[in-house]
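Undergrad: here is a sequence together with a model predicted from it:
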Amino acid sequence: SLLSYMKKLDSISLDIKHKKLTQNQSLYLKELFTHINWIKNISLNNCKIDAGDVFQNLMLGLGNIRGIESLKLMLADSKFEEHDFIHFYHSVSNMRTLKKFALNMAYSETLSNFDWLKGSFKNLKNLDSISLTFDGSSIIKEEAAGHLRDAISNKYFLKEIDLSLVNCGITNTYQIVQGLQDSLQLESLTLNFSGNDYDDTGFNELLKLLKIARNLTNLNLNFSDCGGVRNFSVEVLKEGLIQLSKLKRLGLSFQRCTKIKDTGIHYLSKAFSEMSGLKELKLSLLGCTNITDVGTESICKSLANMGLTRLVLQLGKCPITDLTVRDLSKTLKQLNQLRDLHLNFDECKNITEKGIDELFTSLEMLKEKFEFLLSIEKNKELTNQTLVNIAKRIPGLTNMKLLVIQARQCQFSNEALNKLRKAQTNQTAVTLIY
């Protein structure tokens, strides 16, 4: 009743913190949306559903809103039946003014093939941003990939797509990439296929997409735990990356893709060497146990000529040594515009305090105010001298605003830990996670 008098209100965000949305609550929401049908932006967070009539009430209420431009439905960990989505289709397909749509059904129980999603987007000519999250929905039907492809295809006007299908067990995810190949206006693309069967066919389709998506400024690709990813996959990806002359932010994750070896990393390095306009890079190779100092050397050399302001490099569990840290230190001396640096050397047993000390020495060359996160967890070979050396370096790093060191399950003494804590200065805040 109160909100119905607020005629100038154009946005509302509701955080439903109950374990499950009850039928009475869904009726109240239905009535609420009926009374504030002029609202333009709606965000419904932490909403769990396990009954069809509850979902029906929710969608009927949303269907009463005219002129809605942004809709965010966070329905993770819910339970649906296939017929429940009829209400979704009837409501969303009539939101002709909708520009941004986000749906999160991660870890929800639904035996779905997404045919309802295909029809829902068909008439939404103003839609320019789609975010879909179906992580952990391992009982999705096999034909789901084809319907997802049809849902996002022929959307020439789309500028932003965020699609996450972590551990969904879909074997033909390449069909989804095919659906994006008409999106000529794409500026931001995030694809998270972690834990699925993504192989050479998928990378060839991705290459076709990247060759036409020339307006991309932001790209994030996650192929972690995809057993089909190998050196050839990275070579194909390289050919696509070098087409993206406008790209400013790039995120690549190949965690535990053990078929990638130094040869594959060389292909990636060749792509980086041609991406001089890149400002932010996140590269995760955690658990890639066949990548050595030879591969990381090529990565470090390719980064040296970039004007990066943010670098996240995750090499945990890779069989690298101080040689990698030395090569990275040389590169950091040339990346003097860095403002944000994250390095992960977790369980890199051949990295010593000498390498870490050389790394901190190189930070003195950074000209901008910067923040540094270093993770060295489970590196039991590192001695107390590692922290003592870092503490000595901190006063000379006048441009470092924040230092965060993650050192869980290391063998540092309380005395060494205290020396690092006391090294904090007026210029540099120090956080130790141990």
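TA: On my side now, so go ahead. Numbering: from 1, shown residues only.
Undergrad: quick one: neighbours of Arg249, just the number.
TA: 16 (other C-beta atoms under 10 Å). No exception for glycine: its C-beta is placed from N, CA and C like everyone else's.
Undergrad: so which strand or helix has the residue nearest the centre of the chain?
TA: Compute the mean C-alpha point of the chain, and by C-alpha atoms, centre = their mean the closest residue is Asn220, 6.1 Å away. Element membership for Asn220 (DSSP states H and E) is strand 218-222.
Undergrad: okay, now the sheet partners of that strand, with direction.
TA: Strand partners for strand 218-222, identified by DSSP bridges, are recorded as strand 188-192 (parallel), strand 249-253 (parallel).
Undergrad: re the thing from before, go ahead and confirm the residue nearest to the centre of the chain touches Phe193.
TA: No - with contact defined as C-beta atoms under 8 Å, Asn220 and Phe193 do not form a contacting pair (11.4 Å).
Undergrad: quick revisit: measure how the helix or strand that comes right after the strand holding Asn220 sits relative to strand 249-253, angle-wise.
TA: Heading C-terminal from strand 218-222, the first helix or strand you meet, by DSSP H and E, is helix 231-241. Here helix 231-241 runs at an angle of 170 degrees relative to strand 249-253 (axes from the mean of the first three to the mean of the last three C-alpha atoms, to 10 degrees).
Undergrad: report the buried residues of helix 231-241.
TA: 231, 233-241 (16 or more other C-beta atoms under 10 Å).
Undergrad: residues touching Tyr174, list them.
TA: 145, 198, 201-202, 204-205 (C-beta atoms under 8 Å, 6 or more residues apart in numbering).
Undergrad: just Asp346 next, same as before
TA: Taking C-beta under 8 Å, 6+ apart, one finds 286, 316-317, 375-379 in contact with Asp346.
Undergrad: filter those residues down to just the ones in strands.
TA: Ser375 (DSSP state E).
Undergrad: adjacent strands (with direction) for the host helix or strand of Ala102?
TA: Under the criterion of DSSP H and E, Ala102 resides in strand 100-104. Next to strand 100-104 in the sheet, as set by DSSP bridges, lie strand 70-74 (parallel), strand 129-133 (parallel).
Undergrad: just put those in JSON lines and tack on mean neighbour count.
TA: As requested, the strands paired with strand 100-104 are exported to JSON lines (neighbours: other C-beta atoms under 10 Å):
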{"stretch": "strand 70-74", "mean neighbour count": "19"}
{"stretch": "strand 129-133", "mean neighbour count": "19"}
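Undergrad: and the ones you listed as TSV, adding distance to His35 and mean pLDDT?
TA: Converted to TSV, the strands paired with strand 100-104 look like this (distance: least, C-beta to C-beta, whole Å; pLDDT from 0 to 100):
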stretch	distance to His35	mean pLDDT
strand 70-74	18	96
strand 129-133	27	94
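Undergrad: what segments of the stretch 1-150 of the chain are helices?
TA: Using DSSP state H, counting those that start in this stretch, the helices of the stretch 1-150 of the chain run over 23-35, 52-63, 85-92, 115-120, 144-152.
Undergrad: output the ones you listed as JSON lines; include the columns mean neighbour count.
TA: Shown next, in JSON lines, are the helices of the stretch 1-150 of the chain (neighbours: other C-beta under 10 Å):
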{"stretch": "helix 23-35", "mean neighbour count": "16"}
{"stretch": "helix 52-63", "mean neighbour count": "21"}
{"stretch": "helix 85-92", "mean neighbour count": "20"}
{"stretch": "helix 115-120", "mean neighbour count": "20"}
{"stretch": "helix 144-152", "mean neighbour count": "22"}
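Undergrad: need those in CSV with mean pLDDT, can you?
TA: CSV is the format used below for the helices of the stretch 1-150 of the chain (pLDDT from 0 to 100):
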stretch, mean pLDDT
helix 23-35, 88
helix 52-63, 89
helix 85-92, 89
helix 115-120, 83
helix 144-152, 84
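Undergrad: quick one, which of those helices is nearest to Asn215?
TA: Closest to Asn215 of those is helix 144-152 (C-beta to C-beta; 16.7 Å).
Undergrad: against which helices or strands is the closest one packed?
TA: helix 115-120, strand 160-164, helix 174-179 (3 or more C-beta pairs under 8 Å, 6 or more residues apart in numbering; DSSP states H and E).
Undergrad: any regions of the stretch 251-400 of the chain where pLDDT drops low?
TA: Judged against pLDDT under 70, the stretch 251-400 of the chain has no low-scoring part.
Undergrad: mind listing the helices for it?
TA: Assigned by DSSP H, counting those that start in this stretch, the helices in the stretch 251-400 of the chain fall at 262-273, 293-303, 322-332, 353-362, 384-393.
Undergrad: distance to Arg149 and mean neighbour count added to those helices, as TSV?
TA: Output for these, formatted as TSV (distance: least, C-beta to C-beta, whole Å; neighbours: other C-beta atoms under 10 Å):
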stretch	distance to Arg149	mean neighbour count
helix 262-273	26	20
helix 293-303	34	21
helix 322-332	40	21
helix 353-362	45	19
helix 384-393	50	19
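Undergrad: in JSON lines: those, plus distance to Phe157.
TA: Below are those laid out as JSON lines (distance: least, C-beta to C-beta, whole Å):
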{"stretch": "helix 262-273", "distance to Phe157": "29"}
{"stretch": "helix 293-303", "distance to Phe157": "35"}
{"stretch": "helix 322-332", "distance to Phe157": "40"}
{"stretch": "helix 353-362", "distance to Phe157": "46"}
{"stretch": "helix 384-393", "distance to Phe157": "51"}
